[in-house]
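Colleague: pasting the sequence and the predicted coordinates here, then a few questions.
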Protein chains: 2
Amino acid sequence: MTTGQGSAAEMPKGLARALAAAEARCLRAGAQLTELRRQVLALVLEAEQPLGAYALLDKLKAQRPGAAPPTVYRALDFLLEQGLIHKVERLNAFVGCVEAGHDHGHEHDHHHPHQFLICGDCGATVEISDDAVAHALAEAAARVGFRVGNATVEVEGRCAACAAQITQRPGA
Amino acid sequence: MTTGQGSAAEMPKGLARALAAAEARCLRAGAQLTELRRQVLALVLEAEQPLGAYALLDKLKAQRPGAAPPTVYRALDFLLEQGLIHKVERLNAFVGCVEAGHDHGHEHDHHHPHQFLICGDCGATVEISDDAVAHALAEAAARVGFRVGNATVEVEGRCAACAAQITQRPGA
DNA sequence: CTGGTTCAGTTACTATATAACACGTGGTGG
DNA sequence: CCACCACGTGTTATATAGTAACTGAACCAG
C-alpha cells in the first residue's frame, strides 16, 4: 500500500494543498475540520472517482477500526454542508468539489452551481460549473413560478476517451 | 377507499386515457404492458406525486398479495425503459411521465429530455421539458469532449404557492 | 464544579435495491 | 408430439444505503 493513510509522509502534494485549503475554508466558516472529517475528506479526494459511503467506510476502518455507518455519514454531512464535497445522486456516491481545491481568500464560501458528467463506459466523473446551464434552469423554473434553490444536474454520457476507443474498433 | 384498485368502474377518465396511451405506445415498441405492469403504472399515475418503490409495493399488495420487492422493481424497470415513468433520484421515487400521457401517434417514442422542480416545502414535484436547458447542457458537455446521453436534472426550490404563503406570514 | 455544546462511539434499525433460482406459458423447430 | 427457448412472474435471501437513539468524552462558560 502506497496510498496515504493520513500520514503526512505519503501524502501527494495536491492532496495536502487541498486539505490546507479546506482547513482555511472551515476556519473562515467557524467550523472545525476535525481529524475524522479530514480523514474522510482525504479518502474522497484521493479516489478522484465517486465513492459510496460504505466504500469510504471500509477504507476508513484501516485508520479507525471502530468506524460504523454513522461515523462516515456524519463526516460526509459536514463536508457537504461546507461545500467541500458533492453527492452524485445517480451513483449514491461522493466526490471532492473542484472549487474547494482552490483557496479563494474569503470569496464565495457559498455552494456554487455545478454539474456532473458521468461516462457510462469508464465511470469517469467530471464536475463542471456552467453558468449558461444554471441560468437556463433558473429561467425555466421562473416560468412556472418556481424559485431555484439547489440544483442536481447529472449527465450520463460518453467521455472523449471512450468515444475515441469505440470509433477505432469495427464493432460499434 | 374510493381510489381505484384497478377496477375499471372506479377509474378516473384521465387515468384511463393515460393507460390506453401507454398501451398503444408499448404495442408500437413491441413490448407487453402486462396486467402487473399496468397496475404499477396506474399506481404511479394515481399518486401524482413521486412514490417510492416500497410505497408502491404496499399499495400493490392490495391487488396482489404475494407481491415482493422484485415484483415492483421489475415493473418499474420496464416502465422506465418504455419512458412511461421517470425516476426522481433525489427522492428515490417514481412519477408518471407527462409526455407519455398524450398519445402522439408514432412520433418520438424516445426518452425526451426533462427536468424536475421539487418544492422543498410542500413536496410538489413538477416535470418540465425545457429545450434551452437541454441545449446549454449539451454545449457545456461538448466543450469538455462529452457526448450527452441521459440527463438527470432535479431542482430543489420553492413553488409559487409556498412562496406566497410565506410572504403572507410575518415569521419568515 | 455545574451545565451546555460539540464531536464521536455504539447498537440497532429502517429503507432501498438486487441476486439467484423456480415455475408456467406460449411460441418454434425437430 | 416433444424438446427447447424466451419471457414474465413468484419466491427466498441478501446486499447496499441511510438513520435513530443513546452514551460518553472533551471543551468552554458561568
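Modeller: Thanks, I have it.

Colleague: where do the helices of chain A begin and end?
Modeller: Taking DSSP state H as the test, the helices found in chain A are A:13-29, A:35-47, A:53-63, A:69-81, A:98-101, A:131-143, A:160-168.

Colleague: highest mean neighbour count out of those helices?
Modeller: Most buried of the helices of chain A by mean neighbour count (mean count of other C-beta atoms under 10 Å in any protein chain shown) is helix A:35-47; its value is a mean of 21. Bear in mind the C-beta positions are built from the backbone N, C-alpha and C, glycine included.

Colleague: so that one, near DNA strand D or not?
Modeller: No. For helix A:35-47 and DNA strand D, the contact criterion (C-beta under 7 Å from any atom of the strand) is not met; the two come no nearer than 11.6 Å.

Colleague: also stretch A:64-83?
Modeller: Yes. Among the residues of stretch A:64-83, A:68-70, A:73 lie within reach of DNA strand D under C-beta under 7 Å from any atom of the strand.

Colleague: low-confidence stretches in chain A?
Modeller: A:1-10, A:103-109, A:168-172 (pLDDT under 70).

Colleague: the longest strand along it and DNA strand D in contact?
Modeller: The longest strand of chain A (DSSP state E) is strand A:147-158. No. Using C-beta under 7 Å from any atom of the strand, strand A:147-158 never reaches DNA strand D; the gap is at least 12.6 Å.

Colleague: pull up the pairing partners for that strand, direction included.
Modeller: When pairing is defined by DSSP bridges, strand A:147-158 lines up against strand A:115-119 (parallel), strand B:147-158 (antiparallel).

Colleague: which residues sit against the longest one?
Modeller: Pointing back at strand B:147-158 there. The contact list for strand B:147-158, computed with C-beta atoms under 8 Å, 6 or more residues apart in numbering or on different chains, reads A:89-90, A:120, A:137, A:141, A:146-158, A:163, B:88-90, B:111, B:113-121, B:133-134, B:137-138, B:141, B:166.

Colleague: ChimeraX command to pick out the buried ones of the residues you listed?
Modeller: Only the buried entries of the contacts of strand B:147-158 go into this ChimeraX selection, using 16 or more other C-beta atoms under 10 Å in any protein chain shown:
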select /A:89,90,137,141,146,147,148,151,152,153,154,155,156,157,158 /B:88,89,90,111,113,114,115,116,117,118,119,133,134,137,138,141
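
Colleague: spatially, what comes nearest to residue A:123 if we skip its sequence neighbours?
Modeller: Once flanking residues are discounted, residue A:123 sits nearest to residue A:49: 6.3 Å by C-beta to C-beta, 6 or more residues apart in numbering or on different chains.

Colleague: tell me how far the one you found lies from DNA strand C.
Modeller: Note on residue A:49: its distance to DNA strand C, by C-beta to the nearest atom of the strand, to the nearest Å, is 19 Å.

Colleague: phi and psi next, for the residue of chain A found nearest DNA strand C.
Modeller: Residue of chain A nearest DNA strand C, by C-beta to the nearest atom of the strand: residue A:66 (2.6 Å). As for residue A:66, its main-chain torsions (degrees, to the nearest 10) stand at phi -80, psi 0.

Colleague: for it, the count of nearby residues, please.
Modeller: Residue A:66 has 7 neighbouring residues, counting by other C-beta atoms under 10 Å in any protein chain shown.

Colleague: quick check: it vs residue A:135, distance?
Modeller: 47 Å (C-beta to C-beta, to the nearest Å).

Colleague: ok, residue A:62 next?
Modeller: According to C-beta to C-beta, residue A:62 stands 44 Å off from residue A:135.

Colleague: and chain A, which residues reach DNA strand D?
Modeller: A:52-55, A:68-70, A:73, A:92-93.

Colleague: would you mind naming what in chain A lies close to DNA strand C?
Modeller: Proximity of chain A to DNA strand C, by C-beta under 7 Å from any atom of the strand, involves residues A:31-32, A:34-37, A:64, A:66-71, A:74-75, A:78.
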